[in-house]
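**Student:** Based on what follows, work out the 3D shape:
(2 chains)
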Amino acid sequence: MSSALLTDLQDRGLIFQMAGEDKLPAWLDGGTRTLYCGFDPTADSLHIGSLVPLLTLRRFQLAGHRPLALVGGATGLIGDPSFKAQERQLNTPEVIAGWVEKIRQQVSRFVEFDAGPASAEVVNNLDWTQDMDVLTFLRDVGKHFSVNAMIQKESVRQRIEREGSGISFTEFTYMILQSFDFAELSRRYDCSLQLGGSDQWGNITGGIDLARRMYGKQVFGLTMPLVTKADGTKFGKTESGTVWLDPARTSPYAFYQFWLNTADVDVYRFLKYFTFLPVATIDALQRADEERQGRPEAQAVLAREVTALVHGDAGLAAAQRITDALFSGELAQLSESDLQQLRQDGLPASELEPGSLPATLTHLLTDAGMAASGKQVKDALGRQAVFFNGRALGWEDNDRVAQCLDRSLALYGRFVIARLGKKKYHLFELV
RNA sequence: GGAGGGGUUCCCGAGUGGCCAAAGGGAUCAGACUGUAAAUCUGACGCGAAAGCUUCGGUGGUUCGAAUCCACCCCCCUCCA
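**Tutor:** Below you'll find the predicted structure:
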C-alpha cells in the first residue's frame, strides 16, 4: 500500500475491506479522484453511526480527492435490507423528500464545497432513477444481475433462510438500485470509489460489477468497520436513546457528554475513528495518560474534537459552559443570562407554575424525565442523591414540593437546578 | 392436514392450586469507592407517598383461592405429510 492516505486509514483501523486493493493505492496517488458515500434518509437526521463514513469522506478530501455525498432520495423509498432482521415499513414519498432536504444540509457540514478540483458535491439518486421506466430498468440494469448471486449475499441470507422472516421483492431490489448509483456516478462524475460501512460490502461489490459490465470501468470499494464497544453494548445509544447529529434532537451538551463518558478501553480507538488528530498525537496522548495517575485526558479531547466537528465552536462552547457549571458545583456563580443560556444550550428544562405544583417530588421528578418511576426517586431521596440548587433533599421533603421550590431558594427568584444522582440535571423555571 | 414442544414482569429464565408482585441471572437506576471511569460491594428494580391497585398470550370457566386446573381461540418452534 503506497498511498499515504490509505496508510493513515489503516493506522486508524478504518479499513475493513477493500475491493481492488492491489490497484487502489496507485490510482489514488495518480491525481484528484472522485469518490462517494451514500446516506439514506431513514429519519430527519443522521445519527453518530454515520459519522465514520462522513468523516472518512472528509479525510479523502483533505488528501486532495473529490467527495460526493449521495443522499438516497430513491433508495430511501425502498429500504436497505442489509443485515436487517425484518422488512421495514415504507414511508411516504413526501416524508422522505422532507428528510432528504434535512440530510442534505447535514452532510454538507462535513465537506468543503469550495476546494478547487476537490470541491465536494451533494447528489441525490432520485435524479437518475425517478424517470426511468420499469422495462428499461429490467432490461438495461436488471439483466446484469444474477438472482443466484444475489441470494448468496451474506447481507440478505438471514432474511432468506430464516423461517418466520422473509424479504419482499422491493427490498431485494435495493442492491440493484445502489449498484446502479455507483455505475451512474462513474459515468457522470468519473467516480471510481465507494465508501460505506461494513454492512454495505454486498451493495458496493454489486456496483463494482455493474460499472464494469455497463461501462467497462474499473472502480473500487472500501468499507469501514462497525464501531463497537469493548463492553459489548451497542455504540451510539444512551439511556435517552440514539445520539443524533441534529442539535434539535441531541443537544450539543448531551452530545459532548456522550463522548466524555467514553470508556477508557474504547477512547483511543474512537479518537482515531472520529477525529482528525494525527495518529502519532493520539498515541502520545495515550502514553501520557498511562503514565499519569488518575483521570485520563483522552475523553475530554475526544468530546471537544467531535463536538466541534459536528456542532461547531459555538456548540462546543455551549456544551462546555453547561458542563463546567454543573459539574463544578458552582451554581451560584452562574449569572441570570447564563441560566437562560443553559436552557437554550440544551439542558433539559421545564417551566413550573408555583400555583399548581405536583403534590410530591416523586411526581415532579418523574414528570421531568429525571427518573423512570417514583420508586427510583424515593430511593434517591433516601440516599441523599437529590439536590435542588446544590442543597440535598431527603425523603421527608417528598410532600413539601412548594417549600423546596420556594422563590427564596431559587436562583434569581426563579431558577432551580435539580440534580438526581451524579449526572442527571434538570432546570426548573418558576413562572 | 397429522404428532409433539412452547408463549411468565425490559431480556434470558424458574415457577404446575394458597407461603407469588412471582426464584436466579443480565440490563437499568441509586449509594460507597473513584476519574461524571472500570472492577468490586450495597440497595432498588409492575404502578402508587401510602392505603391499595394492576400483571404471567387472549377469552370464558372450575375453586374460598389460579401464572399454575378445564374449554375454546391466537401466536411461535420441531418433526411427519
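**Student:** Going by C-alpha atoms from here, please, whenever you check contacts or count neighbours.
**Tutor:** Noted.
**Student:** Roughly how far does whichever residue of the stretch 301-431 of chain A sits closest to RNA strand B sit from A:Ala284?
**Tutor:** Per CA to the nearest atom of the strand, A:Gly421 is where the stretch 301-431 of chain A lies closest to RNA strand B, at 3.4 Å. As judged by CA to CA, to the nearest Å, A:Gly421 and A:Ala284 stand 34 Å apart.
**Student:** Which of those two has more residues huddled nearby?
**Tutor:** It is A:Gly421, of A:Gly421 and A:Ala284, that has more neighbours when counted by other CA atoms under 10 Å, with 16 against 12.
**Student:** Quick check: pLDDT value at the closest residue to that one other than its chain neighbours.
**Tutor:** With CA to CA, 6 or more residues apart in numbering as the criterion, A:Gly421 has its nearest non-adjacent residue at 5.1 Å, and that residue is A:Ala385. Note on A:Ala385: pLDDT of 94.
**Student:** measure A:Ala385 to A:Leu409 for me?
**Tutor:** 18 Å.
**Student:** One more: A:Thr275?
**Tutor:** 43 Å.
**Student:** So between the two, which is more surrounded?
**Tutor:** Taking other CA under 10 Å, A:Thr275 and A:Leu409 do not tie; A:Thr275 has more neighbours (19 against 16).
**Student:** Let me know the secondary structure of A:Leu14.
**Tutor:** Following DSSP: H, G, I helix; E, B strand; the rest coil, we place A:Leu14 in the coil state.
**Student:** shouldn't it be in contact with A:Leu271?
**Tutor:** No: at 11.5 Å, A:Leu14 does not count as touching A:Leu271 under the criterion of CA atoms under 8 Å.
**Student:** picking that back up, contacting residues for the residue of the stretch 301-431 of chain A closest to RNA strand B?
**Tutor:** Applying CA atoms under 8 Å, 6 or more residues apart in numbering to A:Gly421 gives the contacts A:380, A:385-386.
**Student:** per-residue confidence for it?
**Tutor:** Predicted confidence (pLDDT) for A:Gly421: 93.
**Student:** So what does it look like in phi/psi?
**Tutor:** Phi and psi for A:Gly421, reported as degrees, to the nearest 10, are phi 70, psi -160.
**Student:** Over to A:Val386?
**Tutor:** Backbone torsions of A:Val386, given as degrees, to the nearest 10, read phi -120, psi 130.
**Student:** Quick check: beta-bridge partners of it?
**Tutor:** A:Leu393, A:Leu420 (DSSP bridges).
**Student:** can you count the residues close to it?
**Tutor:** A:Val386 sits with 27 neighbouring residues when counted by other CA under 10 Å.
**Student:** now swap in A:Tyr36 and tell me
**Tutor:** By other CA under 10 Å, the residues close to A:Tyr36 number 26.
**Student:** A:Pro296 too?
**Tutor:** For A:Pro296, the neighbour count with other CA under 10 Å is 17.
**Student:** Find the nearest non-adjacent residue to it, please.
**Tutor:** A:Asp289 (5.0 Å).
**Student:** same question, A:Thr250
**Tutor:** Nearest residue to A:Thr250, sequence neighbours excluded (CA to CA, 6+ apart): A:Trp244, at 5.4 Å.
**Student:** next one: stretch A:17-37 to chain centre, how far?
**Tutor:** 26 Å (CA atoms, centre = their mean, to the nearest Å).
**Student:** follow-up on the earlier one: roughly how far does the residue nearest to A:Gly421 sit from A:Thr323?
**Tutor:** According to CA to CA, A:Ala385 and A:Thr323 sit 19 Å apart.
**Student:** and if you look at A:Arg212?
**Tutor:** Remark: distance between A:Arg212 and A:Thr323 (CA to CA) = 53 Å.
**Student:** higher neighbour count, those two?
**Tutor:** A direct count of neighbours by other CA under 10 Å for A:Arg212 and A:Thr323 places A:Thr323 higher, at 18 against 14.
**Student:** Please tell me I have it right and A:Tyr36 contacts A:Cys191.
**Tutor:** Yes: A:Tyr36 is in contact with A:Cys191 according to CA under 8 Å; the separation is 7.1 Å.
**Student:** check contacts around the most centrally placed residue in chain A.
**Tutor:** What sits nearest the mean C-alpha location of chain A, by CA atoms, centre = their mean, is A:Ile48, with 1.2 Å. The neighbourhood of A:Ile48, defined by CA under 8 Å, 6+ apart, consists of A:236, A:243-245.
**Student:** Tell me the one among those nearest to RNA strand B.
**Tutor:** Nearest to RNA strand B out of those is A:Gly236 (CA to the nearest atom of the strand; 12.6 Å).
**Student:** circling back to that earlier point, got the contacts of A:Ile48 as TSV, with neighbour count columns?
**Tutor:** Formatted as TSV, the contacts of A:Ile48 follow (neighbours: other CA atoms under 10 Å):
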residue	neighbour count
A:Gly236	17
A:Val243	21
A:Trp244	22
A:Leu245	24
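**Student:** can you tell me which two in those residues are farthest apart?
**Tutor:** A:Gly236 and A:Leu245 (11.0 Å; CA to CA).
**Student:** hey, what's in contact with both of these two?
**Tutor:** Residues touching both A:Gly236 and A:Leu245 by CA under 8 Å, 6+ apart: A:47-48.
**Student:** what does the stretch 301-431 of chain A put close to RNA strand B?
**Tutor:** Proximity of the stretch 301-431 of chain A to RNA strand B is confined to A:323-324, A:327, A:360, A:362-363, A:371-376, A:378-380, A:383-385, A:398, A:420-424 under the rule CA under 7 Å from any atom of the strand.
**Student:** residue boundaries of the strands in the stretch 301-431 of chain A?
**Tutor:** Ranges of strands within the stretch 301-431 of chain A are A:349-352, A:386-388, A:391-393, A:415-420, A:424-430, based on DSSP state E, counting those that start in this stretch.
**Student:** How many residues are close by A:Ala4?
**Tutor:** A:Ala4 has 13 neighbours, counted by other CA under 10 Å.
**Student:** Distance check, it against RNA strand B.
**Tutor:** Using CA to the nearest atom of the strand, to the nearest Å, one gets 32 Å for the distance from A:Ala4 to RNA strand B.
**Student:** What separation do you get for that residue and A:His65?
**Tutor:** Noted for A:Ala4: a distance of 13 Å to A:His65, by CA to CA.
**Student:** swap in A:Arg419?
**Tutor:** Here A:Arg419 is placed at a distance of 48 Å from A:His65 (CA to CA).
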